[in-house]
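> Have a look at this fold, sequence not included:
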């Protein structure tokens with residue numbers, strides 16, 4: 001889902017003003033093209049390119065249910081449209097593709113006593129992520145700028161994933177007592193060595209170079225050239241594949257900072273439990289390791305335990321398996337554990353930055369703290 005508002009001191013939620021309205025978890029979209037500048041998703045074709053632009057720049061293009069249903073409807077419409085050969089997902093504004101989902105809305109639903117209302121959002125979002133991964137036509141994503149949480153769900157499963165020198169990618173859910181989702185555990189589980197555990201537990205932001213190294217992106221294209229690339233994808237006059245076309249704009253990024261830290265990250269984050277990871281960190285003197293130890297001590301112990309298991313579980317199976325496991329865990333947090341609401345309260349509502357986790361420390365965790373989330377069975381299945 002993502003943690004949009006942690007990145008913005010004054011989050012703004014912009015109401016969608018497209019031509020179709022969300023009703024009871026569904027959306028009937030009878031059009032393909034929507035270029036209304038006030039719409040939360042701009043949907044249009046440019047030559048052979050079907051272009052989907054997230055259009056809430058003041059909120060760093062945060063996802064809501066209406067945007068998700070619009071994206072899904074457009075992809076459905078273009079699936080068998082012979083005029084559309086490639087789909088591009090990008091974001092309006094200069095700040096980023098997408099900072100995630102609307103966690104304030106999630107908080108309000110849970111504290112109002114209606115955690116079941118979160119099911120529609122998560123189910124629609126995860127099914128869209130799977131659709132992008134399985135789409136029969138190449139999907140290209142420009143992960144330029146901030147791309148976190150739900151933004152990773154859109155960009156991370158595209159066939160052609162492009163980052164720039166401005167990119168900041170992360171799965172920062174543990175910062176609010178939550179756990180990575182939108183297929184993030186699938187990507188984390190396939191990162192080199194133990195980077196998946198490190199990135200998932202700490203919520204650390206990756207540079208564009210890091211994202212390529214960690215397997216969250218395929219190509220590095222300077223942001224100044226994205227317009228030229230988009231035009232080339234739309235107007236290509238030969239059967240050159242999209243990947244071959246992107247290679248014409250691809251450049252070698254600077255060295256990945258993460259790669260330089262791999263040795264100690266692999267040693268520390270290969271430990272079997274979050275408690276042992278914390279113990280190994282305490283023995284390290286690398287500056288980033290010392291900082292990481294402080295970060296983990298501030299986060300929800302339960303979220304850390306659940307996330308560690310989720311990343312390791314997602315190393316097996318496919319994306320749908322990972323999404324199903326995430327769906328189980330996020331609904332458990334929403335309905336049965338207080339740390340999610342407390343994390344949002346501390347970061348976004350009261351903004352005191354003093355969350356009161358239960359339990360408060362890693363040392364107080366039960367021996368199998370992830371068991372309840374692992375065993376949870378949602379009333380409505382993710383995939384029927």
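Received the coordinates, thanks. Quantities reported herein were computed from a predicted structural model and do not represent experimental measurements. Residues are numbered from 1 along each chain as shown.
> hey, let's count contacts and neighbours off CA atoms from now on
OK.
> Look up which helix or strand residue 178 falls in, please.
Assigned by DSSP states H and E, residue 178 falls within no helix or strand.
> From residue 274, how far out is it?
15 Å (C-alpha to C-alpha, to the nearest Å).
> Which one of these two is surrounded by more residues?
residue 178 (29 against 25; other C-alpha atoms under 10 Å).
> in the chain, what spans have low per-residue confidence?
For the chain, applying pLDDT under 70 flags the ranges 1-37, 237-239.
> show me where it has strands.
With DSSP state E as the criterion, the chain has strands at 41-46, 49-54, 86-91, 96-98, 139-143, 146-148, 160-163, 168-170, 219-220.
> Relative to the last one, what are the paired strands and their orientations?
The one in question is strand 219-220. Taking DSSP bridges as the criterion, strand 219-220 forms sheet pairs with strand 160-163 (parallel).
> quick check, distance from the partner strand to the centre of its chain.
14 Å (C-alpha atoms, centre = their mean, to the nearest Å).
> so residue 342 makes contact with residue 358?
No. Judged on C-alpha atoms under 8 Å, residue 342 makes no contact with residue 358 at a distance of 9.4 Å.
> quick one, which of the two is more surrounded?
Taking neighbours as other C-alpha under 10 Å, residue 342 and residue 358 compare with residue 342 leading, 21 against 15.
> Now do the phi/psi pair for the most centrally placed residue in the chain.
Centroid-nearest residue in the chain, with C-alpha atoms, centre = their mean: residue 149, separated by 2.6 Å. Per-residue torsions, residue 149: phi 50, psi -120 (degrees, to the nearest 10).
> gap between it and residue 260?
25 Å.
> And for residue 136?
Per C-alpha to C-alpha, residue 136 is found 37 Å from residue 260.
> who has more neighbours, the two?
More neighbours surround residue 136 than the other of residue 136 and residue 260, with 13 against 10 (other C-alpha under 10 Å).
> residues touching the more buried one, list them.
Residues in contact with residue 136 (C-alpha atoms under 8 Å, 6 or more residues apart in numbering) are residue 79.
> cool, and residue 86?
48, 49, 50, 137, 138, 139, 140, 233, 242.
> Dump those residues to a markdown table, plus neighbour count and distance to residue 338.
Shown next, in a markdown table, are the contacts of residue 86 (neighbours: other C-alpha atoms under 10 Å; distance: C-alpha to C-alpha, whole Å):
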| residue | neighbour count | distance to residue 338 |
| --- | --- | --- |
| 48 | 17 | 48 |
| 49 | 23 | 45 |
| 50 | 25 | 42 |
| 137 | 16 | 42 |
| 138 | 19 | 41 |
| 139 | 26 | 38 |
| 140 | 27 | 38 |
| 233 | 26 | 47 |
| 242 | 18 | 46 |
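> with the residues you listed in mind, which one is nearest to residue 269?
Nearest to residue 269 among these, counting by C-alpha to C-alpha, is residue 140 at 32.3 Å.
> thought the closest one was touching residue 160?
Yes. Using C-alpha under 8 Å, residue 140 makes contact with residue 160 at a distance of 4.7 Å.
> and stretch 245-263, which residues are buried?
Neighbour-count burial for stretch 245-263, counted by 16 or more other C-alpha atoms under 10 Å, picks out 246, 250, 253, 256, 258.
> any idea which of the residues you listed is closest to residue 307?
For the buried residues of stretch 245-263, the nearest to residue 307 is residue 258 (19.9 Å; C-alpha to C-alpha).
> and the gap between the nearest residue to the closest one once chain neighbours are set aside and residue 160?
Using C-alpha to C-alpha, 6 or more residues apart in numbering and skipping the chain neighbours, the partner closest in space to residue 258 is residue 210 (6.0 Å). Distance of residue 210 to residue 160, computed by C-alpha to C-alpha: 16 Å.
> These two: which is more packed in?
Between residue 210 and residue 160, counting by other C-alpha under 10 Å, residue 210 is the more crowded of the two (23 against 19).
> got the contact list for that one?
Residue 210 touches 256, 257, 258, 259, counting by C-alpha under 8 Å, 6+ apart.
> just curious, which of the buried residues of stretch 245-263 is nearest to residue 196?
Distance to residue 196 across the buried residues of stretch 245-263 (C-alpha to C-alpha) is lowest for residue 258, with 11.3 Å.
> tell me the contacts of the spatially closest residue to residue 109 that is not a sequence neighbour?
Spatial nearest neighbour of residue 109, chain neighbours left out: residue 115 (5.8 Å); criterion: C-alpha to C-alpha, 6+ apart. The neighbourhood of residue 115, defined by C-alpha under 8 Å, 6+ apart, consists of 109, 334, 335.
> Out of these, list just those in helices.
Taking DSSP state H as the definition of helices, the contacts of residue 115 contribute 109, 334, 335.
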